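# pasting the sequence and the predicted coordinates here, then a few questions.
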Amino acid sequence: LEQKRPGSGATAPGQAVQTVYETRFLAYLSRFLLTFDPAANAWWFRQGLSDSWEQDLSYLSSSEAGGTSSIRQREEATAALFAEFTESVEVGLADYFVGPY
């Protein structure tokens with residue numbers, strides 16, 4: 001097998017994945033998966049949120065959602081869940097491209 005040179009697009013052992021994939025790309029890919037991938041969408045729904053991440057975000061901005069503290073709590077919970085999902089997407093990309101194959 002040929003060794004990858006630094007800067008060739010592959011991660012080196014111990015290199016953070018974040019240096020390979022930009023945060024904006026990871027967020028975009030995560031939103032794409034939550035919208036179009038049935039398994040990702042079902043996972044989101046099983047977390048106690050609506051069947052669409054877009055609906056959860058629009059709920060946060062609606063005035064009939066309740067007091068500002070409940071909106072803030074829901075926003076923080078939704079953001080934390082999205083960050084958790086995005087992190088798993090990032091790890092999946094690293095496993096796919098850097099894996100043992």
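All right, it came through fine. As the structure is a computational prediction, the values presented were derived from the model and not from experiment.

# just give me the neighbour total for residue 42.
Around residue 42 sit 11 other residues, with neighbours defined as other CB atoms under 10 Å. (Glycine included, C-beta is placed from N, CA and C.)

# packing partners for the strand or helix carrying residue 94?
For residue 94, the enclosing helix or strand under DSSP states H and E is helix 68-98. Helix 68-98 sits against helix 23-36, helix 38-46, helix 53-61, with contacts defined as 3 or more CB pairs under 8 Å, 6 or more residues apart in numbering; DSSP states H and E.

# the ones you listed: which one's closest to residue 85?
Proximity of the helices and strands packed on helix 68-98 to residue 85 was assessed by CB to CB; the nearest stretch is helix 23-36, lying at 5.6 Å.

# now do that closest one: which elements does it pack against?
If contacts are counted by 3+ CB pairs under 8 Å, 6+ apart, helix 23-36 sits against helix 38-46, helix 53-61, helix 68-98.

# show me what the mean pLDDT comes to for that helix.
Mean pLDDT, taken over the full extent of helix 23-36, equals 93.

# can you check stretch 74-84 too?
Stretch 74-84 comes out with an average pLDDT of 88.

# from residue 90, how far out is residue 25?
For residue 25, the distance to residue 90 equals 10 Å [CB to CB, to the nearest Å].

# the two: who's more crowded?
Summary of the neighbour comparison: residue 25 and residue 90, criterion other CB under 10 Å, with residue 90 having more neighbours (20 against 13).
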